Each structure stands twice: as structure tokens, then as C-alpha cells.
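Student: Sequence first, then the predicted structure:
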Amino acid sequence: MKEYIERLKKLDTTCVSDAMDKLGIPCALYGVKPVIPGHVICGEAFTIKYKPCGQVKGTVGDFLDDVKPGNVIVIDNDGRTDCTVWGDIMAYTAKKIGVEATLIDGVCRDLPAVKKCDYPIFSKGYYMSTGKDRVEIASINEEVSVSNIPVCPGDIILGDDTGAVVIPRNCVEKVIEIAEGIEKTEKLILAEIDKGSSLRDARAKLNYHHLQTKESK
């Protein structure tokens, strides 16, 4: 998997999204954006599901001790924007132990400290209200959902300034092959334009409008 992750880091989320459109696999995590622009992140998902607290309050965040270096922590908080599930202490600790990034279907907080330690977070925004006494962990390393897209433990998360996508573990190689082909074709289109071609002719010559068209079975 390490080789695949390195190849994915050389691509962008747009090529990967097009490749997965071609395979008919939803992958784009709508509304999830980088808190700190400029990071390209890729790694295997370590998944967390939160739920509203009951009468007995549970914990938030102690799972971090079990995350492996290189993992991307994926937190499903049902897209809630009224309470946070990630802050400065977790960001500092995650960076110290080598976690690749955190992706949240929800929001984070403590932006000044997060930016200071330069830890990559992808979320649907930021807010200040804590998740403590509001949410608790429902499951660890089970299937979760981000923007109605399923994410399983070990699936591959790729993120850049455009957003984030999830690649099911069982189709990573095929997705990379298609995405690399799309990237190559787009570079050839630019080369045609540099040689004086019109955009219309360059795109037609290299079949641009069907690069992402779903493959027929």
C-alpha cells in the first residue's frame, strides 16, 4: 500500500475524482475543505463514529493513542457544525506521533494553535463549542459515513487544496492507473495548446470530454 500512497500523492483529487467517475464509484467528500491550505495528504483511514451523549457521558479523543503513524483519522460526527470533535491538544499530539491528517464530517476548533503546529485538518468548518458532554464515541474502526459516502477502515484518503476523496481499498490500483492516464492526457492537451492548437481542437484530438465517462460493462 505504501507504493500506492506515494503514487497518489503525485496526483490531485480532481484526476482521482474523474477516474472514480469512470469506474462509477462515488468518492468526493462534499463540503470537506482543508483548514490549512498547501498540504497534500494521503493515508489509510482510521475511522471514528460519534453519537450524542446519553445520561452517562462518554469520552472524546482518547482513541488517538491507538492510531498508527501515516493513518488519516476520519471522524463521522454526522456533519454537525454546532460542536467540535478536534482541537489543539489533539492536533499537537497527532503531529508528534506521525499521524498523516484528520478529516472530519463536522468541525474543529483552536485554529491559531492548529496553524502554529501546521497539522493538516480537513473539515466542514470551525467553531469553538466543545464536543465534551455533547457527543461521545460510538465506534472505532468500523464503517462510517462522510457526506453520505461510506468510509471503511483501511480505505485510502487523498486530500489537497480542492478537497478530499476516499478510495476503497479494493480498487486503489485501478483508480491510480486511470487517474495517471487522465493526468497524462491533460498534460498532452496543454502541450497541443502550446504548439498553437485551439482549445476545442486539442480537447477533441485527445478525447477530453470522455476522460471521466463511466466505462460500459
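Tutor: Right, received. Where do you want to start? Numbering: from 1, shown residues only.
Student: And the strands in the chain?
Tutor: Under the criterion DSSP state E, the chain carries strands at the ranges 33-34, 41-52, 72-84, 101-107, 121-123, 135-140, 144-146, 149-151, 156-160, 163-167.
Student: what packs against the second one?
Tutor: With contacts defined as 3 or more Cβ pairs under 8 Å, 6 or more residues apart in numbering; DSSP states H and E, the packing partners of strand 41-52 are helix 2-9, strand 72-84, strand 101-107, strand 135-140, strand 144-146, strand 156-160. Backbone N, C-alpha and C define where each C-beta goes, glycine included.
Student: For beta bridges, what are the partners of the nearest residue to Lys68 once chain neighbours are set aside?
Tutor: Excluding the flanking residues, the one nearest Lys68 by Cβ to Cβ, 6 or more residues apart in numbering is Phe46, at 7.3 Å. On the basis of DSSP bridges, Phe46 is bridged to Ile73.
Student: ok, now which ones touch Phe46?
Tutor: Neighbouring residues of Phe46 by Cβ atoms under 8 Å, 6 or more residues apart in numbering: Asp66, Val67, Lys68, Asn71, Val72, Ile73, Val74, Asn141, Pro153.
Student: returning to that earlier point: let me have the strands of the chain in TSV, adding mean pLDDT as columns.
Tutor: Shown next, in TSV, are those (pLDDT from 0 to 100):
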stretch	mean pLDDT
strand 33-34	98
strand 41-52	97
strand 72-84	97
strand 101-107	98
strand 121-123	98
strand 135-140	94
strand 144-146	98
strand 149-151	98
strand 156-160	98
strand 163-167	98
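Student: And those strands: which comes nearest Leu190?
Tutor: Smallest distance to Leu190 across those (Cβ to Cβ): 19.2 Å, for strand 156-160.
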